[in-house]
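In: 3D model of this:
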Amino acid sequence: HKASLDLQNENGRTALILSSQEGHTEIAHILVQHKASLDLQTKDGWTALMLSSSKGHTEIARILVQHKASLDLQMKGGATALILAAYHGHLEIASLLMLNGADLELRNKDGKDARAWAEERGHTDIVTLIEKEDRWRRRRFWVMFSTAFRNAAATEPIGSPAMDMALSLEWVTRIVAGYL
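Out: Now for the predicted structure:
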């Protein structure tokens, strides 16, 4: 008889959620290796990643992210792992989440995103990190946009409307990217 790794108590907490909350890195790692569900939520919507992000358990957060825990799940109040890391001032976890693609624009029920919470709580290092990440993502978008049009224009004859449009869009892209 095989025991389920995903049994939930009356509050919806699993062994992985509890070990993530309490900072039991080795237990969390073993549970993840044995395929415990990474994204189960408690009755209030907490996940193992949210709890490790909130409590500052960096190694557990890293294990969960490496094994593809969902970065942008929201609890009932709308908080995400990134919002919780920013709120509590956990710079390394916030960086880990952003480097792995956490959504910077998700907001909680009060309409605040991770940057707003970090700013309100005086975590200027996290505010700066979020602003840099946001600028980098915007630049990357414009570079990809410009490259797509440049590649499309390469097949068009010089002087054609498609080539003229591609060249105009490339200049717009360069100007916009310069301001980000």
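
In: which regions of the protein sit below the pLDDT cut-off?
Out: 1-3, 141-180 (pLDDT under 70).

In: rerun that using 90 as the cut-off
Out: 1-4, 135-180 (pLDDT under 90).

In: this structure: helices as residue ranges?
Out: 15-22, 25-33, 48-55, 58-66, 81-88, 91-99, 114-120, 124-153, 161-179 (DSSP state H).

In: list the buried residues for the fourth one?
Out: Right, the one you point to is helix 58-66. Along helix 58-66, these residues count as buried under the neighbour rule (16 or more other CB atoms under 10 Å): 58, 60-65. C-beta: built from backbone N, CA, C; applies to glycine.

In: what's near enough to touch the residue nearest to the spatial centre of the chain?
Out: In the chain, the centroid-proximal residue (CA atoms, centre = their mean) is Ala102; its distance is 1.1 Å. When contacts are counted by CB atoms under 8 Å, 6 or more residues apart in numbering, Ala102 touches 71-72, 80-82.

In: re earlier: export the helices of the chain as CSV, with columns for distance to Leu7.
Out: Putting these into CSV (distance: least, CB to CB, whole Å) gives the following:
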stretch, distance to Leu7
helix 15-22, 8
helix 25-33, 12
helix 48-55, 14
helix 58-66, 19
helix 81-88, 23
helix 91-99, 27
helix 114-120, 32
helix 124-153, 35
helix 161-179, 51
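
In: what's the burial count for the spatially closest residue to Glu119 that is not a sequence neighbour?
Out: Closest residue to Glu119 apart from its sequence neighbours, by CB to CB, 6 or more residues apart in numbering: Val127 at 5.0 Å. Using other CB atoms under 10 Å, Val127 has 19 other residues around it.

In: what sits against Val127?
Out: Contact analysis of Val127 by CB under 8 Å, 6+ apart lists 115, 118-119.

In: what about Glu131, neighbour count?
Out: 14.

In: ok, which of the helices of the chain comes nearest Asp6?
Out: With distances scored as CB to CB, the stretch of the helices of the chain nearest to Asp6 is helix 15-22 (8.0 Å).
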